[in-house]
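Enquirer: Next comes the sequence, and after it the predicted model I'd like to discuss.
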Amino acid sequence: MPTYGGDEVNALVIDVGSTWTRAGFAGEDLPQALFPSQVGYIESEEDVADLPEEPKAASPRPIDTDVEMGDATAAADAQKQQAEGDSRVAEKGETRKQKVRKYFVGDTESSTWRSGMEIGGPLEHGLVSDWDVYEKIWEYAFKSRLHVRPEEHPVMVSEAAWNTAPLRAKLVEMAFEKFNSPAFFVCKTPVLSAFGVGKHTALVVDVGGQMTSTCAVYEGFCLTKSLVKQEVGGELISEQILERLKDEYKYEPTPLFDIKSKAPVDTLQQPVVNRYGREGTTASFLHDMRLRAVQEFKESVCEFIERPYDAALVNSKPLKPFEFADGFNVSVGALRYAAPEIMFNPNQFLTRRPKRLENVSLMGVHEMAVRSVLTSDVDLRPQLLNNVVLSGGSSLFPCFSDRIAVMLQDACPGSRIKYYSLNSKTERKSTAWLGGSILASLGTFHQLWISRAEYDEQGASVVDKKCQ
Amino acid sequence: MGPKTKQKAPGMSRELTSLYLENQAIPVPLDLFQAKPKFGSKAERWAWRGFKSSARGDSDDLILYHWAKASEQFNDYYYARYNAQSNPYQYTDEEYEKCIEPLDKDWTRVETDYLLHLCKLLDLRFIVVHDRYYTHPDCPLASVVADRTLEDIKDRYYAVCRALTQLRSGEDSGDPDDLPLQATNKLADDLALLRFDKSKERERKQYLEALFTRTKDEIEEEEILIAEARRIEANERRLVHEREMLLQSHALFEEAPSTATISTVNVQFSQASEPAQVPSAADIVPKARKGGPDAGADGAAAGSPRNPKKQKSAHGISIASGLGGVPKVKTTSAAFRAQSATPAPPASAKMLSPGPSDTSVRRSTSPMRAGSVGMRLERSDEPTQFGPVSFATEEHLVNAAIVQIDTPDVGTITVAQRDTRLGPGVFLRSDKLYPLPKNKLDSVKQFMSQLSLNSPNTIWPRPVMSTAAVCDRFDSLQSTILPLLEYKKTADKLETEVQVLRARKRMLVNSMGEAKAEQVLSELPPFDPSKVVLTRAASPMSGEAMVPPLTPANRHHRKGSTASITRKKS
């Protein structure tokens, strides 16, 4: 028998985040499938009786990794709440007009322009809000990307640390009823992130697309009291940049799908673009595509300084040139430090608050971490500060880890603080997935799976008993 | 014909030429090439096999599949053996009513049940138990008291455990102090493991909390204070050290250097060099009195002290008095240092300085003057007092074997001095022996084995039956060996120094030319034979090999002597 304690049972690991979804096989070091969680959909009134044809013509660039989900699903509100496996089947026989959604999942599918295509993610505040989208993502990941039959493989899923009992119940239901999984397990993201860097006790700082959260993990248990979260993440930074560009340069990035041709322009000149002028572009799709353009900008130029924000220092830093896809080019100075600074200084730097954050007192990510530490037991604190785990795509800004090190050391001057984070970009983004991959490939873990028999016997509440 | 002409083609490498040759094979390392790797054994068969784990419980029938060696068969899943489970205490209704209910009115049965359930579920991770206490799905919210702290939870759990342990040990009478010892032993051990003091724990956490919430300024202040304290301590040490040095240099100054130094050494050495005549305890004292002109004072000083501590330091003094007649108290530590000190490096550096210099002029002064120069130099140098001191501290091993102690009622008692060293109480007989300095242990051991004296003790040699007489003999033997070794070392050192100087001189003469060298030599002040005599007198053993070790008094003598040796050779 192997001495390293691993025993692979070909489990699937899926981690659906607010911006990226990671899916792959347990025991591997990177997810096989890494695609945006944003899913395109076209809503139409259709006769439910006739199953819609495979809309291959609608896809201008079919690529085999991104097979679109043409499966129409009944999505009436009442049915969504019921979420019973047979509801769809019962509906099929009748012929009446009903709203039907056509989904487009995957990187190229969701970013391909289609008339009337909306775009949306499955999560809201880190919790699953749109189960249809969530299910489509699973289906796409397993069938089109991993090419497996989900009924043959145990499934390990991640969930937000603040997930609620009804949502968990629904999750386990979906796995067993819709995907017929033989075994299932759900684990909280911070725990998986800690496992991902090889820690069982850690302070996990997860800076994601929508949410930033800090949480203490003790011997593989998420300490719920220490959980601090707020809705400030990478997407908010992108939105802020979008606003700032509009304010400062009167510029709105032209999304890639609308550029027919472009001409070179001087710095800070409005772009000269020949547009397609596509009809029927939805607002959500346009916004999402603009965000993607800004995301590139954000990832290329934005960074942190190693100490608390200092306007003089920031202004003395060299400018960095950037050219958008439509030809607009700019040399950015203070903006590239000020924009991500909302991570540490949200109250000062979040100039235009979105509705959901109005009249909310926000915290810097280091303040959140300190609060997490302070709410946990005093005996545990040195251990937590000694094992700070950074995860999430938005922690990839240059100097982010140095900055948070300085800020935390300032806040807890007497403690020794040590950081653990995975170095490569993909690994950092998929830290939680990696933890799941490690966990689900351990020989000793296999006794913990929720089996089909257990689910049949005890119902969805079994998840609360087995997945602490 | 063809190959020959081709082979001779100029400007062409051998490899290239050989390409033209039809009959010549191009060398290829054939043995490195292996068509197919060979494995020792046949490939193992692996099978995709379903398994069930006993760790999952009996009712469950989940079958998972993994790859396993076809030859391997397990009755149970391999990793099921790691399914260790903690079994926290559980109680029956009866037990609860009997011993747990009266413990704490604050805790209801329902809540206690819930607590133990959580402890079992979370494997006694109290931090997690505390974290989930109110949010766990099994929580009977109605009957749970609000705001249980981690200490409350732990306290309750351990109180329950203690009560159950006591009850189950059959001795529920309560106080374990009343029980017989054997019976309480295990119970006490068990209870000790389950002890939990809530107030102490709270206090501890308060301290930790205070430590954690220190501000940056406070920490800095603390660090500064610590640094300051260290500095003060270091200063104090330095001050003590300096004071000691001052005291020592003072003592040295008052010590009159004279030929007496040498003669003392001389006498004692001759004594030590005749192991056949090792004096018995009785006649050592008078012999020691022979030591120097003022040895009488020494004997009196050594004989009268009442406390052993003073006696110890008196060893140091006795030498001083033996040397110059002026008794001056020296700390024992100084004496020890002097004992282990080696010739100071500056001195040897001076000796190696090439060519005639003003030091060579100083060499020519009379022994008396040379001695005083030495004294003065000594004060600025590290005060090392080598030869006589080390000798005499060894001497006490032989000499001060008997102490006269005056007691008011009995009169004077003669006590072996080694007995005064030991305090009251139990001791090993061999403790009476004077311990050897650690760094000399090996050499002494070796020496003794050369004398074919075998000791059963491998750590340091000591006699098997340490009676007073044997101890005396043994001490005297040791005290003879030690200076002998010391002298051997010094002699070896000097030998090499002489060698070096000779080589150096040869070099100088060579580079300078014979005639010039002669001239320089003739310009030097005339050679003073008295020094040579002195050194000779100091080394009664075979010739120059036994030169006394460096002392402030004779260091300059020796410089003179080495110079004189080289001069004689040239």
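Expert: Arrived safely.

Enquirer: Every contact and neighbour count from this point should use C-alpha atoms.
Expert: Will do.

Enquirer: I figured B:Ile127 was touching B:Leu150, is that so?
Expert: Yes - at 7.0 Å, B:Ile127 counts as touching B:Leu150 under the criterion of Cα atoms under 8 Å.

Enquirer: How far off centre is stretch A:446-460?
Expert: Centroid separation for stretch A:446-460 versus its chain: 28 Å, with Cα atoms, centre = their mean, to the nearest Å.

Enquirer: ok, that stretch near chain B or not?
Expert: Yes - judged by Cα under 8 Å from any Cα of the partner chain, stretch A:446-460 and chain B are in contact via A:Gln447, A:Leu448, A:Ser451, A:Arg452, A:Ala453, A:Glu454.

Enquirer: Now for the fourth one: which residues touch it?
Expert: Translated: A:Arg452. Contacts for A:Arg452 were tallied using Cα atoms under 8 Å, 6 or more residues apart in numbering or on different chains; they are A:Phe176, A:Ser181, A:Pro182, A:Ala183, B:Leu62.

Enquirer: Adding neighbour count, secondary structure and pLDDT, write the residues you listed out as TSV.
Expert: What follows is those, written out as TSV (neighbours: other Cα atoms under 10 Å in any protein chain shown; DSSP: H, G, I helix; E, B strand; the rest coil; pLDDT from 0 to 100):
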residue	neighbour count	secondary structure	pLDDT
A:Phe176	23	helix	94
A:Ser181	21	coil	92
A:Pro182	21	coil	93
A:Ala183	27	strand	93
B:Leu62	21	coil	87
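
Enquirer: now the residue in the stretch 151-300 of chain B positioned nearest to chain A, nearest residue through space, not along the chain?
Expert: Minimum separation of the stretch 151-300 of chain B from chain A (Cα to the nearest Cα) falls at B:Lys216, amounting to 5.6 Å. Spatial nearest neighbour of B:Lys216, excluding adjacent residues (Cα to Cα, 6 or more residues apart in numbering or on different chains): A:Pro413 at 5.6 Å.

Enquirer: same thing with A:Asn387?
Expert: For A:Asn387, the closest residue by Cα to Cα, 6+ apart turns out to be A:Ala202, at 4.8 Å.

Enquirer: residues near the nearest residue to A:Gly208 once chain neighbours are set aside, how many?
Expert: Nearest non-adjacent residue to A:Gly208, counting by Cα to Cα, 6+ apart: A:Gly392, 4.8 Å away. Look at A:Gly392: counted by other Cα atoms under 10 Å in any protein chain shown, it has 27 neighbours.

Enquirer: Okay, A:Gly392 and A:Thr426: tell me how far apart.
Expert: 10 Å (Cα to Cα, to the nearest Å).

Enquirer: Likewise for A:Val463?
Expert: A:Val463 is 30 Å from A:Thr426, where distance means Cα to Cα.

Enquirer: These two - which one has more neighbours?
Expert: More crowded of A:Val463 and A:Thr426, by other Cα under 10 Å: A:Val463, with 23 against 15.

Enquirer: who's in contact with that one?
Expert: A:Arg168, A:Ala169, A:Val172, A:Phe185, A:Val186, A:Ile450 are the contacts of A:Val463 under Cα under 8 Å, 6+ apart.

Enquirer: three-state assignment of A:Gly40?
Expert: Following DSSP: H, G, I helix; E, B strand; the rest coil, we place A:Gly40 in the strand state.

Enquirer: is it true that it touches A:Val105?
Expert: Yes - A:Gly40 is within contact range of A:Val105, at 6.5 Å (criterion: Cα under 8 Å).

Enquirer: so which of the contacts of A:Val463 comes closest to chain B?
Expert: For these, the nearest to chain B is A:Ile450 (8.8 Å; Cα to the nearest Cα).

Enquirer: how about that closest one, phi and psi?
Expert: Here is the backbone geometry of A:Ile450 (degrees, to the nearest 10): phi -80, psi 120.
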